[in-house]
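[1] below are the sequence and a predicted model; questions follow.
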Amino acid sequence: MLHLSFTLTGRGSAIASIADGDAKVEIEVSYLSDALGDLARAVRGILRGLPETSCSFQMEPGEHRFVFSRKGDDVLITVVQFSETFSRQRDGNHLLELRCSPRELATACINCLREVRDLHGEDGYREQWVNADFPIIEYRELLELRRRL
C-alpha cells in the first residue's frame, strides 16, 4: 500500500517520504520551493489524465524529483535524485520505482495533506513553511477527483 508523508521538522524544513511496504525513501526538504503544494498539483494533474507530471523537493544543495507516469490503468512513480538544486537534467540517480492505481495515489496524497493540516492547521503550516500557504484548494480538488475514480 502506497504511503506519502510530509513532516515539518523546523522552520522551513521537512522530511518527506514515500513507501509501498517493501521499499521506502526519505528525503530532506527545504522551503526553497512549495514542496507540498507541488506534490498535490502533480498528483492532481496525473489524476486529471495528463500522461506525466512531476514535482521536486529541493534541498540545499540537491533535489529529489517524483515523476508520475500513466502506464495503462496504473501510475508509475519514479523517485530520482540530483546533485544540483533546481536541476534541469532529465536523468539522475534513480532511487525507487513504484506502481499503484490512481485511486491509491489519490488516497495517499489526500492522507498526507490531511495529516499535515490536522497537525499544524493552515496558519501553523504557513508559519512553519515560511509564508507558503497550505494547498487547501488542491486538497479539495483531490477529494473530488478521488470520488470520481
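    The structure has been received and is ready for your questions.
[2] give me the neighbour count for Ala106.
    The criterion is other C-beta atoms under 10 Å. On that basis, Ala106 has 24 neighbouring residues. Any C-beta I mention is one placed from the backbone N, CA and C, and that applies to glycine too.
[3] ok, it - contacts?
    43, 47, 142, 145-146, 149 (C-beta atoms under 8 Å, 6 or more residues apart in numbering).
[4] for those, which single residue is the most surrounded?
    Using other C-beta under 10 Å as the neighbour definition, those reach their maximum at Val43, which records 29 neighbours.
[5] so for the closest residue to Gly10 other than its chain neighbours, what's the pLDDT?
    Spatial nearest neighbour of Gly10, excluding adjacent residues (C-beta to C-beta, 6 or more residues apart in numbering): Gln128 at 7.7 Å. Each residue has a pLDDT score; the one for Gln128 is 94.
[6] could you measure from Gln128 over to Glu63?
    Distance, Gln128 to Glu63, using C-beta to C-beta, to the nearest Å: 21 Å.
[7] and these two? which has more neighbours close in?
    Neighbour comparison, Gln128 and Glu63: the larger count goes to Glu63, with 23 against 20 (by other C-beta under 10 Å).
[8] show me what that one is bridged to.
    Taking DSSP bridges, one obtains Gln58, Phe82 as the residues bridged to Glu63.
[9] please apply the same query to Ser13.
    Gly10, Ser30.
[10] surely it is in contact with Leu32?
    No: the pair Ser13 and Leu32 does not pass the contact test of C-beta atoms under 8 Å, sitting 10.4 Å apart.
[11] so the residue nearest to Gly10 sits against Leu8, correct?
    Yes: counting by C-beta under 8 Å, Gln128 touches Leu8, with 4.7 Å between them.
[12] give me the common contacts of these two.
    Both Gln128 and Leu8 are contacted by His120, under the criterion C-beta under 8 Å, 6+ apart.
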